[in-house]
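>>> What follows is a predicted structure for the sequence shown.
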Amino acid sequence: MQKRKLEIMDQHILLFGATKDIIGSSIYSINDSFKTVGELREHLYKQFPSLEKLNSLMIAVNMNYAEDLLELKAGDEIALIPPVSGG
Amino acid sequence: MIKIEENINVEQVIQSVSKSQYGGTTVFIGTVRVHTKGQRVLKLHFECYEPMALREMEKIERQAKEKFDIQEMSIHHVVGEKLPGEKVVVIAVAAFHRKAAFEACEYAIDTLKETVPIWKKEFFENGSVWVAAHP
């Protein structure tokens, strides 16, 4: 159980659009570390069930759209990307 | 040229792709609509994850140049508050022949709407909504 928590540090997640309104801030800090994008996603869905009601929720890691299997590293720039609507 | 800015100067975007040897330049200008689904739009607010948005826009330019026989492409998008009629996005493409320029321009706006992390909130008389966020 402790395995995942060896490297505990604040992880800051950038929020935009509808995710910013749902979480109520433009940055969400977690004092925990997640092995993969998928684990982080599960945590967020548990904390903020409204995120699951979005049409889609992508997670960007270092400014690239990431798959749930991608492993997270310390210092990664993470952002939540609700459905985009530019143009 | 790829740019995110508060106001777009269309002439400047065209200038950035045009050279005398190219046979044609196509330009797409997207503006704020007055009505959405029967409701009057008061204003839009555009928010963006700028460094990633710029990267995704550069990717569109790169891919368009691979897919179509074009020479130059510029994409400019706004951020901040916009009123009905105001410009939101301007894409200019220069090519030796018009067909590739038209096709690349359409590819660029279609792809931008799917991949570039920019969000718009529509403000109506009775509330506001992030476009496409919810079913």
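Cool, the structure landed. Residues are numbered from 1 along each chain as shown, chains lettered A, B, ... in the order given.

>>> Would you confirm that B:Ile4 contacts B:Pro51?
No - taking contact to mean Cβ atoms under 8 Å, the distance of 9.8 Å between B:Ile4 and B:Pro51 leaves them out of contact. C-beta coordinates here come from the backbone N, C-alpha and C atoms, glycine included.

>>> what about those two, which has more around it?
Summary of the neighbour comparison: B:Ile4 and B:Pro51, criterion other Cβ atoms under 10 Å in any protein chain shown, with B:Ile4 having more neighbours (20 against 13).

>>> what's near enough to touch the more buried one?
Applying Cβ atoms under 8 Å, 6 or more residues apart in numbering or on different chains, one finds that B:Ile4 lies in contact with B:Cys48, B:Glu50, B:Ala53, B:Leu54, B:Met57, B:His76, B:His77, B:Val78, B:Val79.

>>> Filter those down to the buried ones.
B:Cys48, B:Ala53, B:Leu54, B:Met57, B:His76, B:His77, B:Val78, B:Val79 (16 or more other Cβ atoms under 10 Å in any protein chain shown).

>>> picking that back up, and of the contacts of B:Ile4, the nearest to chain A?
Nearest to chain A out of the contacts of B:Ile4 is B:His77 (Cβ to the nearest Cβ; 6.0 Å).

>>> OK, contacts around that closest one?
Counting by Cβ under 8 Å, 6+ apart, B:His77 touches A:86-87, B:3-5, B:8, B:46, B:48, B:53, B:57, B:88-89, B:112, B:116, B:118.

>>> Would you map the helices across chain A?
A:17-23, A:37-47 (DSSP state H).

>>> okay if I get those as a markdown table plus distance to chain B and mean neighbour count?
Converted to a markdown table, the helices of chain A look like this (distance: least, Cβ to the nearest Cβ, whole Å; neighbours: other Cβ atoms under 10 Å in any protein chain shown):
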| stretch | distance to chain B | mean neighbour count |
| --- | --- | --- |
| helix A:17-23 | 3 | 21 |
| helix A:37-47 | 15 | 16 |
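
>>> Pull up the gap between the residue lying closest to B:Ser128 once chain neighbours are set aside and B:Ser18, please.
Take B:Ser128 and drop its neighbours on the chain: the residue closest to it by Cβ to Cβ, 6 or more residues apart in numbering or on different chains is B:Lys121, 5.5 Å away. From B:Lys121 across to B:Ser18, the span is 34 Å (Cβ to Cβ, to the nearest Å).
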